[in-house]
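A.B. asks: Predicted model and sequence follow; I will ask about them next.
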Amino acid sequence: MEEFKKKSAAEGDKEIVFSKAIKAGKRIYYLDVKKNRKDEMFLAITESKKIISGEGDDSQVSFEKHKIFLYKEDFEKFMGGLQQAIQFIADEQGLPESRLEEKEAPAEEPTESLSESEIKIDIDF
């Protein structure tokens, strides 16, 4: 009985209030907004990668997961660094074809126009 209480308390420490899954090939990125016991929200980012070992009938599927936790006092610095890193890659290697196709396709929702060298990331909490 006491073990159940411990699990409930631990689960209550990480209440998910918003979740977004982003499928990208063999990977899925999960963006989970969670609340701690003090009702403070933070962002948990999880990368889940499908791993297939063996072949044919002997193959086994598992998932490799990596997590980072991002707290609101770090959002601005994190976003700045992320934008710089993305911009560096875009400048050095260009944008992926899928990104270029998205720009050419008509948008379903009105969006701000971005130049080819500008990347905008907007996360509100």
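C.D. replies: Structure received. Numbering: from 1, shown residues only.
A.B. asks: can you confirm L43 is in a strand?
C.D. replies: Yes - L43: assigned to a strand according to DSSP: H, G, I helix; E, B strand; the rest coil.
A.B. asks: Excluding residues flanking it in the chain, which one is nearest it?
C.D. replies: Leaving out its chain neighbours, the residue that sits closest to L43 by CB to CB, 6 or more residues apart in numbering is L70, at 4.3 Å. Quick note: C-beta positions are derived from backbone N, CA and C, even for glycine.
A.B. asks: isn't that neighbour right up against F78?
C.D. replies: Yes - assessed by CB atoms under 8 Å, L70 is found in contact with F78 at 5.8 Å.
A.B. asks: pull the longest helix from this structure.
C.D. replies: For the chain, the helix with the greatest residue count under DSSP state H is helix 75-93.
A.B. asks: Please spell out which residues along that one are buried.
C.D. replies: Within helix 75-93, the residues scored as buried using 16 or more other CB atoms under 10 Å are A90.
A.B. asks: again, but for stretch 30-41
C.D. replies: Neighbour counts over stretch 30-41 (16+ other CB under 10 Å) mark Y30, D32, V33, K34 as buried.
A.B. asks: With just CA atoms, put it into CSV.
C.D. replies: Output of stretch 30-41 as CSV, limited to C-alpha atoms (Å, rounded to 0.1, in the frame of the first residue of the first chain):
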residue,chain,number,x,y,z
TYR,A,30,7.7,14.6,-27.8
LEU,A,31,7.2,18.1,-26.3
ASP,A,32,5.5,17.7,-23.0
VAL,A,33,4.6,20.7,-20.8
LYS,A,34,4.5,19.4,-17.2
LYS,A,35,3.7,20.8,-13.8
ASN,A,36,5.7,20.1,-10.6
ARG,A,37,4.3,20.0,-7.1
LYS,A,38,4.5,23.8,-6.9
ASP,A,39,2.4,24.2,-10.0
GLU,A,40,5.4,25.5,-11.9
MET,A,41,5.5,24.4,-15.6
